[in-house]
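Engineer: please find the sequence and the predicted model below.
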Amino acid sequence: MYHNPVLLKRSVDELVTDPDGVYVDCTFGGGGHSREILGRLSTKGRLFSFDQDLDALNNAIDDERFTLINQNFRFLENSLLMYGVREVSGVLADLGVSSHQFDEAERGFSTRSDAPLDMRMNMLQGLDARAVINEYEEEKLADIFYYYGELREARKLAREVVHQRKTKPIHSTKDLKELFGFIPPHKQNKFFAQVFQAIRIEVNEELEALKEMLVQAHRVLKPEGRMVVISYHSLEDRLVKRFLKNGKFEGEPERDIYGNYQKAFELLQSKAIVPTDEEIEQNSRARSAKMRIGIKVGAV
């Protein structure tokens with residue numbers, strides 16, 4: 001079961017400004033956003049959707065205006081070039097893990113199920129969560145827990161993993177959770193969500209892929225083209241916010257010869273757009289969603 005897309009109507013309302021245009025859905029999943037986009041396009045419009053998960057191919061849409069590309073969105077630009085597409089009118093990315101991936105217990109994404117430590121979005125890649133937990137050095141594990149999970153006790157957690165795996169390899173999500181039995185019960189839900197998030201981001205190189213996609217999306221967007229991104233945790237949202245505001249991920253934006261800042265995007269609104277109370281009630285996944293929209297104004 002794929003999730004109901006978050007901010008579905010609002011995101012597509014803001015994305016599609018030219019019914020004849022070419023659009024990109026970076027995160028096809030169950031196809032909810034893609035179907036909504038196709039519903040706004042004329043017979044001349046085209047939609048290219050990306051998903052690296054083989055399961056998503058089962059949801060392909062039978063529409064001559066639609067192409068599903070089985071690739072990580074970090075290969076956006078080159079993949080579009082293979083279809084002769086050099087510029088587009090809009091790019092949408094609904095980040096994070098789909099409900100389908102959480103619900104498929106054997107994928108190892110969920111903290112609720114006992115499953116093999118996997119967490120790969122692309123099941124054909126080599127690195128999985130088991131390798132991260134059993135093979136990474138203590139210092140690298142600590143960095144992952146700290147930077148990707150935002151866990152203050154990162155060094156203690158990494159020490160515990162390394163100590164325990166000397167006796168017995170850690171193969172399942174249950175094995176991993178049992179390592180941290182010292183966490184008070186009332187803190188466990190949030191704690192394990194942060195631990196699993198940290199490992200998942202490392203396994204899938206999520207932040208690196210997001211950066212690459214954002215830079216490429218800016219390059220392929222037409223002037224006045226729109227970038228719509230929905231994120232679900234602060235690490236993603238921070239990158240998106242900085243890039244849409246400054247055209248880069250660190251430091252100040254570039255200046256022209258007159259000393260004026262060169263904007264990459266004009267923000268549709270300065271604050272993130274969030275779901276309504278009604279949508280959150282209907283879809284719990286929407287609770288942490290933040291949507292940001294940029295309109296391309298020039299080169300980075």
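Structural biologist: That came in fine, so what should we check first?
Engineer: give me the pLDDT for residue 111.
Structural biologist: Residue 111 is assigned a predicted lDDT (pLDDT) of 67.
Engineer: next one: residue 105
Structural biologist: 50.
Engineer: what's the answer for residue 275, then?
Structural biologist: 93.
Engineer: what about it, neighbour count?
Structural biologist: Residue 275: 21 surrounding residues under other CB atoms under 10 Å. For glycine as for every other residue, the C-beta is placed from the backbone atoms N, C-alpha and C.
Engineer: which helix or which strand is home to it?
Structural biologist: If you go by DSSP states H and E, residue 275 is not part of any helix or strand.
Engineer: what sits against it?
Structural biologist: Listed by CB atoms under 8 Å, 6 or more residues apart in numbering, the contact set of residue 275 reads 6, 7, 283, 286, 287, 289.
Engineer: quick check: the fifth one is in a strand.
Structural biologist: No. Counting by DSSP: H, G, I helix; E, B strand; the rest coil, residue 287 is not found in a strand; it is helix.
Engineer: mind showing which ranges of the chain have poor pLDDT?
Structural biologist: 1-3, 97-109, 111-112, 298-300 (pLDDT under 70).
Engineer: which helix is the longest one in it?
Structural biologist: Longest helix in the chain, counting residues (DSSP state H): helix 188-204.
Engineer: for that one, buried residues please.
Structural biologist: Buried residues in helix 188-204, counting neighbours by 16 or more other CB atoms under 10 Å, are found at 191-192, 194-204.
Engineer: could you count how many residues lie near residue 90?
Structural biologist: Residues within reach of residue 90, counting by other CB under 10 Å, total 28.
Engineer: quick check: it vs residue 40, distance?
Structural biologist: 10 Å (CB to CB, to the nearest Å).
Engineer: residue 165 now?
Structural biologist: For residue 165, the distance to residue 40 equals 51 Å [CB to CB].
Engineer: ok, residue 237 next?
Structural biologist: Counting by CB to CB, the gap from residue 237 to residue 40 is 26 Å.
Engineer: phi, psi for the most centrally placed residue in the chain please.
Structural biologist: Closest residue to the average C-alpha location of the chain: residue 95 at 2.8 Å, with CA atoms, centre = their mean. Backbone geometry at residue 95, expressed as degrees, to the nearest 10, gives phi -80, psi 180.
Engineer: and it, what is it in contact with?
Structural biologist: 27, 206, 210, 229, 230, 231, 232, 236.
Engineer: run the last query once more with 6 Å
Structural biologist: Counting by CB atoms under 6 Å, 6 or more residues apart in numbering, residue 95 makes contact with 231, 236.
Engineer: so it versus residue 167, what's the distance?
Structural biologist: Residue 95 sits 37 Å away from residue 167, going by CB to CB.
Engineer: helices of this protein, start to end?
Structural biologist: All helices of the chain, identified by DSSP H, fall at 8-15, 32-38, 76-81, 99-103, 129-135, 138-143, 154-167, 173-179, 188-204, 206-220, 234-246, 277-282.
Engineer: excluding its backbone neighbours, what's nearest residue 46?
Structural biologist: The shortest distance from residue 46 to any non-neighbouring residue, by CB to CB, 6 or more residues apart in numbering, is to residue 22 (4.7 Å).
Engineer: ok, that neighbour touching residue 45?
Structural biologist: No. Assessed by CB atoms under 6 Å, residue 22 is found out of contact with residue 45, at 7.2 Å.
Engineer: these two: which is more packed in?
Structural biologist: residue 22 (23 against 19).
Engineer: for the more buried one, give me its contacts.
Structural biologist: Applying CB under 6 Å, 6+ apart to residue 22 gives the contacts 46, 85, 88, 89.
Engineer: right, and the last one touches residue 21 too?
Structural biologist: Yes. Between residue 89 and residue 21 a contact is recorded at 3.0 Å, counting by CB under 6 Å.
Engineer: how many other residues sit next to residue 249?
Structural biologist: Neighbours of residue 249 under the rule other CB under 10 Å: 15.
Engineer: in this structure it contacts residue 241, no?
Structural biologist: No. Under the criterion of CB under 6 Å, residue 249 makes no contact with residue 241, lying 10.1 Å away.
Engineer: straight-line length of stretch 136-152, end to end?
Structural biologist: Using CA to CA, to the nearest Å, the span of stretch 136-152 from its first residue to its last is 19 Å.
Engineer: likewise for stretch 47-58?
Structural biologist: Span of stretch 47-58 from end to end, CA to CA: 17 Å.
Engineer: mind listing what's buried along that stretch?
Structural biologist: Neighbour counts over stretch 47-58 (16+ other CB under 10 Å) mark 47, 48, 49, 50, 51, 52, 53, 55, 56 as buried.
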